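Engineer: how would this look folded up:
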Amino acid sequence: MLRLALLAFAVLVALLVLLAVLPSREGVVPGGAVELQDVEVTLYPRSDPDAVWHFATPTAEYMPSTQEATLHAVEDGRRTVAGETDFTLHSERVTIDRSENLRGDEIRAHLVEDDLDLLMQARAGRQVLIDQRAGRFEVPRATMWGPDMGESVFEDMRISFDFTDFESGGPGTVGY
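Structural biologist: Okay, the predicted model is just below:
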């Protein structure tokens, strides 16, 4: 009887040693994008704690490897401060990077308080950048118009979200 118990114990120890040396199975993390349909995204930028961004989009992709979200056909994008919308955004494609900045090839904004429309476009490989930390738009080519302003075209425009700091220049800059 003792021999049988020792034999069973030896078999159990051998089985445990075998299990310990077998390669462990690791979970497989998908390498591609995570795609979502009919999405509402809310962004609370750390560098602009008073602002909240809202986006409604039919399709959004999140790429885990770069920690970027790309929103397609943004129909209802807006930035609010203290519950009030200061500007709205529309774009065919906007990417939110890991620093919470927004970038794209063409972004349309409407500045609510000033009743101004702003078409921001990429140029020469540079995309439109909405820099959260600096609180400004960095735009390779911008066209701005409004009821009391007419239409103006700007190259290399940098302008704060509240339009108090404005810098522009370049060969295509024209104001009417």
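Engineer: What segments of the protein are strands?
Structural biologist: In the chain, the strands defined using DSSP state E lie at 34-43, 51-63, 68-81, 84-96, 102-104, 106-111, 116-121, 128-131, 136-146, 150-160, 166-167, 174-175.
Engineer: How far off centre is the second one?
Structural biologist: Put plainly, it is strand 51-63. How far strand 51-63 lies from its chain's middle: 7 Å, per Cα atoms, centre = their mean, to the nearest Å.
Engineer: Over to the fourth one?
Structural biologist: Per Cα atoms, centre = their mean, the displacement of strand 84-96 from the mean C-alpha position of its chain is 11 Å.
Engineer: Repeat that for the first one.
Structural biologist: If you compare the mean C-alpha spot of strand 34-43 with that of the full chain, they lie 11 Å apart, counting by Cα atoms, centre = their mean.
Engineer: Show residues contacting that strand.
Structural biologist: With contact meaning Cβ atoms under 8 Å, 6 or more residues apart in numbering, strand 34-43 is reached by 52-64, 69, 71, 96, 100. (Glycine included, C-beta is placed from N, CA and C.)
Engineer: do you know how far the most far-flung residue of the chain relative to its centre is from residue 8?
Structural biologist: Centroid-distance maximum for the chain: residue 1 at 70.4 Å, with Cα atoms, centre = their mean. Distance of residue 1 to residue 8, given as Cβ to Cβ, to the nearest Å: 11 Å.
Engineer: ok, now residue 104?
Structural biologist: The gap separating residue 104 from residue 8 is 68 Å, by Cβ to Cβ.
Engineer: ok, the two, which is more surrounded?
Structural biologist: Set residue 104 next to residue 8 and count neighbours by other Cβ atoms under 10 Å: residue 104 wins out with 21 against 10.
Engineer: Could I get the pLDDT score of that one?
Structural biologist: Here, the pLDDT recorded for residue 104 equals 97.
Engineer: Equivalent analysis for residue 34, please.
Structural biologist: What the model reports for residue 34 is a pLDDT of 88.
Engineer: Give me the neighbour count for it.
Structural biologist: 11.
Engineer: worst-scoring helix or strand of this structure, pLDDT-wise?
Structural biologist: None of the helices or strands of the chain scores lower by mean pLDDT, DSSP states H and E than strand 174-175, at a mean of 54.
Engineer: just for this structure, where's the confidence low?
Structural biologist: For the chain, applying pLDDT under 70 flags the ranges 25-31, 170-176.
Engineer: any idea how far residue 167 lies from residue 119?
Structural biologist: Residue 167 sits 18 Å away from residue 119, going by Cβ to Cβ.
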